[in-house]
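Peer 1: Please find the sequence and the predicted model below.
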Number of protein chains: 2
Amino acid sequence: MSLPLDELTIIERFLRPLAGEGALRLLDDAAALTPPAGCDWVRTTDAIAEGVHFLPGDPPGTVAKKALRVNLSDLAAKGAAPLSYLLTLALPAGTTEEWLTAFAAGLAADQEAFGIALLGGDTIATPGPLTISITAIGKVPEGGMVRRAGGRPGDALYVSGALGGAAAGLALLQGEAVPWRALGPAERERLIGRYRLPEPRMALAPVLRAQASAAMDLSDGLVGDCDKLAAACACGATIDADTVPLDPALAPFAGDDSLLALFLTGGDDYEILAAVPAGREAVFEADAAAAGVAVRRIGALAEGPGPMQVERGGRPLGLAQRGYVHGAPQAGR
Amino acid sequence: MSLPLDELTIIERFLRPLAGEGALRLLDDAAALTPPAGCDWVRTTDAIAEGVHFLPGDPPGTVAKKALRVNLSDLAAKGAAPLSYLLTLALPAGTTEEWLTAFAAGLAADQEAFGIALLGGDTIATPGPLTISITAIGKVPEGGMVRRAGGRPGDALYVSGALGGAAAGLALLQGEAVPWRALGPAERERLIGRYRLPEPRMALAPVLRAQASAAMDLSDGLVGDCDKLAAACACGATIDADTVPLDPALAPFAGDDSLLALFLTGGDDYEILAAVPAGREAVFEADAAAAGVAVRRIGALAEGPGPMQVERGGRPLGLAQRGYVHGAPQAGR
């Protein structure tokens, strides 16, 4: 279980160049930060493991970026601007210097792209799969965090971007007999890219703070995650499945109920689900457009609690399962 | 790789009862905290993996406590008072409800004992070993964090408590042919307890803030960790091995140079190593005694950088290795 390089060498060669202010050049056991005045800190933790959240063949640079971006996506959904992050790397014995070099380069590129710096962390050897756990820290104006539980009956439900692409890409990587195997190579690569490299919607953060009553990011499929948001709000909900924006490459397959259901319950979208109070929809849509993020109204919260209903043409859409469980066999695949 | 219970059930049954203020009952993806006025936050991250930092047979309650305490120990060394923590649990498929119940009970007991609450985290399935990663958050008065790099030549070096017990206990658990196998069962159990359940020196935190120029906790053996502290201070150092406080059960074996070397380079002590400027030693010793923590002067920082020397009776002590690498085969065992 020993590593190709000892922990100190890994820190010095690969991680120290990523360290930000307050990280004491990663030479200490802890990091100190003086909070910005008038702000709250928002913290979120997400871990990804090889074979569960990414695949053994995935490029190390996209693995690094995915580990960071799934946390950035949480910050965006909470209305927070990114500040810094802590990184726990559990590395198997076979980890090579080439892998670490490309992994660190991926982190460096995304630190630059998203304005976030490494604050500290821990590197351990593991007999198990490569696992990356990140705690990301962001800031919001005091009291400004967008909660999951703030929605009320009658609030409109919105999603950002387009759904289903990541789940469709994962199915391609796993060699499943899905009809979109027949797409051209560029489209197949693009779907795989949606799985490997989520696009956190940071530009939506201030819009959510100003207009949304509740929000969360979609990691485990729209339906199951909407169940969670509605439950946190003690509401029921209805989604009109035909209004859900799907990845353009998948639209031709969405006429089939079971394929549509798969796009609405597949994981790794990392888009935003938001509740917006009645009367604010037009402002929310205009602000999101001004921020450069497409949003689409897909349903509404209802008196509750529960159940959350997914309808197509006025009848319930059949769902083999409501959400995606990373690493578990998927029903209906 | 599916879990015996889904993530939501695990959160609801085992983790929500541990949630503190600001954790939003663990119903959100993130936690918000308003910083206390006039304070800095100190953050530290440490992970432990089965087969690397604890053994498959270890009781789940002590595994939970060890995961938390290795982080509390870092906070103590930095002069910080504990506030809250984030928990990432990577659970293998074989994890049982009994294990989770005992694990959560261990966390609950230590939360009460140390005044810290769960703020959030992530639970994932893993095909690998059980891994627990904790980010602990503490507070210090603004600018008050005790750094690893603050020591100067001439500062006295102190350690808290007594060393070697954890390494001796691990050797017993691993069935090694060590002479302390001949100790009585109560003493053997006590040494094993030193490995499984470190005692973080929280009471020393304000004393370190007031008197120490540099400090760190000892996780990878006194010699190697003192190398790191001296290097961070750009100093050399000398340790007089005969003055290092050893676990009382081990004193009879310390006449043997190679066994003494093992006690000074074994891991998991989780005692504090501190540098104290000349002239403040008496106050530091009195304050530590008033806080109920035994401290012993073991050497001093010197002009440097390096090397760090370990002497016994005026000659260098032979060392097969300088530090303990968790999970790697140990030289001289």
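Peer 2: Now that the structure is in, tell me what you want to look at.
Peer 1: what bridges to the residue nearest to A:Thr126 when sequence neighbours are not counted?
Peer 2: Leaving out its chain neighbours, the residue that sits closest to A:Thr126 by CB to CB, 6 or more residues apart in numbering or on different chains is A:Ala90, at 4.1 Å. Backbone N, C-alpha and C define where each C-beta goes, glycine included. Beta bridges link A:Ala90 to A:Ile124, A:Thr131, judged by DSSP bridges.
Peer 1: how much space is there between A:Ala90 and B:Lys139?
Peer 2: Using CB to CB, to the nearest Å, we find A:Ala90 at a distance of 28 Å from B:Lys139.
Peer 1: Secondary structure class of the closest residue to chain B within the stretch 51-200 of chain A, three-state.
Peer 2: Going by CB to the nearest CB, chain B is nearest to A:Gly128 of the stretch 51-200 of chain A, at 1.6 Å. Following DSSP: H, G, I helix; E, B strand; the rest coil, we place A:Gly128 in the coil state.
Peer 1: What separation do you get for it and B:Pro129?
Peer 2: From A:Gly128 over to B:Pro129 the distance is 5 Å, taken as CB to CB.
Peer 1: sec struct for A:Pro200, please.
Peer 2: Following three-state DSSP, the label given to A:Pro200 is coil.
Peer 1: okay, A:Ser2: pLDDT?
Peer 2: pLDDT for A:Ser2: 55.
Peer 1: same deal with A:Gly128?
Peer 2: Looking at A:Gly128, its pLDDT is 85.
Peer 1: tell me the contacts of it?
Peer 2: Contacts were defined as CB atoms under 8 Å, 6 or more residues apart in numbering or on different chains; by that measure A:Gly128 touches A:90, A:92, B:49, B:90, B:126-129, B:131.
Peer 1: out of these, which one sits closest to A:Lys228?
Peer 2: B:Ala90 (21.2 Å; CB to CB).
Peer 1: what's the neighbour count on the residue in the stretch 151-300 of chain A positioned nearest to chain B?
Peer 2: Taking CB to the nearest CB, chain B has its nearest neighbour within the stretch 151-300 of chain A at A:Ala232, 4.9 Å off. Using other CB atoms under 10 Å in any protein chain shown, A:Ala232 has 20 neighbouring residues.
Peer 1: just A:Gly150 next, same as before
Peer 2: Residues within reach of A:Gly150, counting by other CB under 10 Å, total 18.
Peer 1: secondary structure class for it?
Peer 2: A:Gly150 ends up coil, using three-state DSSP.
Peer 1: Quick check: the gap between it and B:Asp74.
Peer 2: The gap separating A:Gly150 from B:Asp74 is 35 Å, by CB to CB.
Peer 1: What sits closest to A:Asp268 if chain neighbours are left out?
Peer 2: That would be A:Ala166: by CB to CB, 6+ apart, it lies 3.6 Å from A:Asp268.
Peer 1: And the one you found, how close does it get to A:Ala102?
Peer 2: Separation of A:Ala166 from A:Ala102 (CB to CB): 22 Å.
Peer 1: Compare the two (neighbour count), which wins?
Peer 2: Between A:Ala166 and A:Ala102, counted using other CB under 10 Å, A:Ala166 has the larger neighbour count: 27 against 16.
Peer 1: What does the pLDDT read for the more buried one?
Peer 2: The model reports A:Ala166 with a pLDDT of 97.
Peer 1: thinking it is in contact with A:Tyr195, fair?
Peer 2: Yes - with contact defined as CB atoms under 8 Å, A:Ala166 reaches A:Tyr195; the gap is 4.3 Å.
Peer 1: which neighbours do these two share?
Peer 2: Counting by CB under 8 Å, 6+ apart, the shared contacts of A:Ala166 and A:Tyr195 are A:Asp268.
Peer 1: I'd like the next helix or strand past the helix or strand bottoming out on mean pLDDT in chain A.
Peer 2: Here the helix or strand of chain A ranked lowest by mean pLDDT, DSSP states H and E is strand A:31-33, holding a mean of 77. As assigned by DSSP states H and E, the chain's next helix or strand after strand A:31-33 is strand A:39-49.
Peer 1: Output the contacting helices and strands for that following strand.
Peer 2: Counting contacts by 3 or more CB pairs under 8 Å, 6 or more residues apart in numbering or on different chains; DSSP states H and E, strand A:39-49 is packed against helix A:60-77, strand A:131-141, strand B:31-33, strand B:81-91, strand B:117-125, strand B:131-141.
Peer 1: thinking again about what came up before, common neighbours of A:Gly128 and B:Pro129, please.
Peer 2: Common neighbours of A:Gly128 and B:Pro129 (CB under 8 Å, 6+ apart) are B:Ala49.
Peer 1: Quick check: A:Gly314 vs A:Gly292, distance?
Peer 2: 34 Å.
Peer 1: So which of those two has more stuff around it?
Peer 2: Remark: of A:Gly314 and A:Gly292, A:Gly292 carries more neighbours, 9 against 6, as counted by other CB under 10 Å.
Peer 1: The more buried one and A:Met202 touch, don't they?
Peer 2: No - taking contacts as CB under 8 Å, A:Gly292 lies outside contact range of A:Met202: 10.6 Å.
Peer 1: about what we covered before: so is the residue nearest to A:Asp268 in a helix, a strand, or just coil?
Peer 2: helix.
Peer 1: So which of A:Ala90 and B:Lys139 has more stuff around it?
Peer 2: Per other CB under 10 Å, whichever of A:Ala90 and B:Lys139 has more neighbours is A:Ala90, with 28 against 21.
Peer 1: just checking, that one touches B:Ala49?
Peer 2: Yes - judged on CB under 8 Å, A:Ala90 makes contact with B:Ala49 at a distance of 6.3 Å.
Peer 1: Excluding residues flanking it in the chain, which one is nearest A:Leu222?
Peer 2: Once flanking residues are discounted, A:Leu222 sits nearest to A:Leu264: 4.9 Å by CB to CB, 6+ apart.
Peer 1: The helix or strand encompassing that neighbour - contacts with which helices or strands?
Peer 2: Applying DSSP H and E as the criterion places A:Leu264 in helix A:257-265. Applying 3+ CB pairs under 8 Å, 6+ apart, we find helix A:257-265 packed against helix A:165-173, helix A:222-232, strand A:308-312.
Peer 1: what lines up beside the last one in the sheet?
Peer 2: When pairing is defined by DSSP bridges, strand A:308-312 lines up against strand A:236-240 (parallel), strand A:315-316 (antiparallel).
Peer 1: and the strand or helix carrying A:Leu301, is it in reach of chain B?
Peer 2: Using DSSP H and E, the element containing A:Leu301 is strand A:295-302. No - contact of strand A:295-302 with chain B (CB under 8 Å from any CB of the partner chain) is absent, the minimum separation being 15.6 Å.
Peer 1: Buried residues of that strand, list them for me.
Peer 2: Going by neighbour count (16 or more other CB atoms under 10 Å in any protein chain shown), the buried part of strand A:295-302 is A:295-296, A:298-302.
Peer 1: now that strand, how far from the centre of its chain.
Peer 2: 20 Å (CA atoms, centre = their mean, to the nearest Å).
Peer 1: in chain A, what spans have low per-residue confidence?
Peer 2: Regions of chain A meeting the criterion pLDDT under 70 cover residues A:1-4, A:35, A:328-333.
Peer 1: And the residue nearest the centre of chain A?
Peer 2: Chain A has A:Tyr270 as the residue nearest its centroid, 3.3 Å off, counting by CA atoms, centre = their mean.
Peer 1: what sits against that residue?
Peer 2: Counting by CB under 8 Å, 6+ apart, A:Tyr270 touches A:69-70, A:73, A:166, A:198-200, A:217-219.
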